[in-house]
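In: Fold the stuff below for me.
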Amino acid sequence: MKILLTGKTGQLGYELERTLQGLGEVFALDRQQMDLANLDHVRDVIRTIKPQLIINPAAYTAVDLAETNVESAMRINAEAPGVMAAEAKKLGAAMIHYSTDYVFDGEKSGSYSETDTPNPQSVYGRSKLAGEQAIQAAGIPHLILRTSWIYGLRGKNFLLTVKRLAQERDELRIVADQFGAPTWCRTVAEATAYCVGRLQADVAQTEINHDAWAGHSGLYHLTAQGKTSWHGFTQAIIAHPVILKKPKVTSISTQDYPLPAKRPQNSVLSSERFMQTFCSLPNWDAGLKLCMD
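Out: Model (predicted):
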C-alpha cells in the first residue's frame with residue numbers, strides 16, 4: 001500500500017514517518033516536494049504517486065500571522081486538503097487529516113465532544129474548520145483527528161520555548177486561565193499508526209479495506225487525557241531534572257498577554273469516542289515525562 005505523508009519535517013510529520021514504517025510504502029514529502037500553497041503541485045504529486053492512503057499533518061500553524069495572512073492560511077489549511085480529498089476520491093483512496101481545538105470558541109464549561117458545534121474565533125480556526133468540511137464533503141473514507149497543545153522535541157512549540165527561556169530568565173510569566181491537554185506529537189503518531197494497522201488488518205496491503213474504513217470514518221478527538229493550564233504545563237516542564245535552572249513561574253491572565261489571534265479559554269477535548277473505537281490514550285503528564293526522559 002502506498003502511503004503519501006505530507007509535512008515530514010514538522011514535529012508530527014517527523015514522528016509519523018517513523019511510526020508508519022511497516023504499514024506500507026511511505027512517501028514522506030517536505031514542503032519542496034509537495035507545496036500545499038500550490039494547489040496544482042498538490043494535484044500533480046498525488047497523480048504521480050497514486051497513493052491508497054493520504055496522511056496530512058502539514059498545515060499553516062502560525063496562528064497570529066494568519067490574522068493578516070488570511071489567503072495563505074485558507075489555501076494551505078482549507079483548499080489544499082480539499083484538493084487532496086478530491087484526488088483521493090478519484091483514486092478510491094482514504095485520507096487521515098489533523099485538525100485543532102481552535103475550531104471551538106472555548107466558552108464551554110466541560111470538555112468538547114465531536115457533536116459540539118464549532119465556533120472558531122480566529123482565522124486559523126476558521127481555516128482548519130473549512131479543511132474538515134472540504135474532506136467531509138468529498139465523501140471519501142477518512143479520519144479527521146482533532147488534537148490540541150501539540151509539543152515535541154523538534155520544530156517550534158511550547159515545550160521547547162519554555163526549555164530555552166528557563167536558561168535565559170529568572171522568572172517566567174505564564175497564562176493560567178487557559179486550559180487544555182498538552183499532547184506529545186509521538187502519542188498522536190503512534191495512535192495514528194495503530195488506527196491504520198487496525199483498519200487494514202484483514203486485507204491485502206495493496207488496497208484500502210473499504211468495509212472497515214466505511215464503518216469507522218469520521219471525526220475524532222485525539223488528545224492526551226486530563227487537563228492543565230499553560231502555567232501548570234510550565235511548572236511540570238521546569239520540575240523535570242533535565243531543566244537545571246529553575247526560574248520562578250508566575251501566573252498571569254490572558255489579558256496580561258494580548259496576542260493578535262484569540263485563543264480558546266477551554267481547549268479540553270473529550271477523546272472518549274476515539275478510545276472506545278481504537279485505543280486508550282495516556283495522561284498528559286505521563287506523556288510529558290516520557291518525552292523529556
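
In: Unless I'm misreading it, I140 sits right up against K90, doesn't it?
Out: No - contact criterion Cβ atoms under 8 Å: I140 and K90 do not qualify, at 9.7 Å. In this view, the C-beta of every residue, glycine as well, is placed from N, C-alpha and C.

In: higher neighbour count, those two?
Out: Neighbour count, other Cβ atoms under 10 Å: between I140 and K90, I140 has more, with 23 against 12.

In: Might you report the residue contacts of the more buried one?
Out: With contact set as Cβ atoms under 8 Å, 6 or more residues apart in numbering, I140 has these partners: 85, 88-89, 93-95.

In: likewise F27?
Out: By Cβ under 8 Å, 6+ apart, the contact set of F27 is 2-5, 49, 51.

In: helix or strand right after the host helix or strand of L159?
Out: In the assignment (DSSP states H and E), L159 maps to helix 158-168. Once the chain leaves helix 158-168, the next helix or strand it forms, by DSSP H and E, is strand 171-175.

In: Same question for that following strand: list its buried residues.
Out: 172, 174-175 (16 or more other Cβ atoms under 10 Å).

In: circling back to that earlier point, of the contacts of F27, which is the nearest to G22?
Out: Taking Cβ to Cβ as the measure, G22 sits nearest to I3 out of the contacts of F27, at 10.8 Å.

In: correct me, but the closest one touches V26?
Out: Yes - using Cβ under 8 Å, I3 makes contact with V26 at a distance of 4.9 Å.

In: Could I get the contacting residues of G24?
Out: Counting by Cβ under 8 Å, 6+ apart, G24 touches 1-3, 52-53, 196, 205.

In: what do you get if the cut-off is 6 Å, keeping everything else the same?
Out: Contact partners of G24, counting by Cβ atoms under 6 Å, 6 or more residues apart in numbering, are 1, 3.

In: State the distance from it to C291.
Out: G24 is 27 Å from C291, where distance means Cβ to Cβ, to the nearest Å.

In: and if you look at D64?
Out: D64 is 25 Å from C291, where distance means Cβ to Cβ.

In: Between the two, point out the one with more neighbours.
Out: For D64 versus C291, neighbours defined as other Cβ under 10 Å are more numerous around C291 (18 against 14).

In: Is the more buried one part of a helix or strand, or is it coil?
Out: When classified by DSSP: H, G, I helix; E, B strand; the rest coil, C291 comes out as helix.

In: can you map out the strands along this structure?
Out: Along the chain, the stretches classed as strands by DSSP state E are 2-5, 25-28, 53-56, 94-100, 142-147, 150-151, 171-175, 179-180, 183-184, 218-221, 228-229, 248-252.

In: Tell me which of these lies nearest to S271.
Out: strand 218-221 (4.9 Å).

In: helices or strands next to the closest one in the packing?
Out: Under the contact criterion of 3 or more Cβ pairs under 6 Å, 6 or more residues apart in numbering; DSSP states H and E, strand 218-221 touches strand 142-147.

In: ok so, going back, format the contacts of I140 as TSV; extra columns: neighbour count, distance to N69 and pLDDT.
Out: Listed next are the contacts of I140 as TSV, based on neighbours: other Cβ atoms under 10 Å; distance: Cβ to Cβ, whole Å; pLDDT from 0 to 100:
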residue	neighbour count	distance to N69	pLDDT
A85	23	23	98
A88	24	27	97
K89	14	29	97
A93	25	30	96
A94	27	31	96
M95	25	25	98
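
In: nearest to F179, of the residues you listed?
Out: Distance to F179, by Cβ to Cβ, is smallest for M95 among the contacts of I140, at 30.7 Å.

In: Distance check, that closest one against I252.
Out: Distance of M95 to I252, given as Cβ to Cβ: 40 Å.
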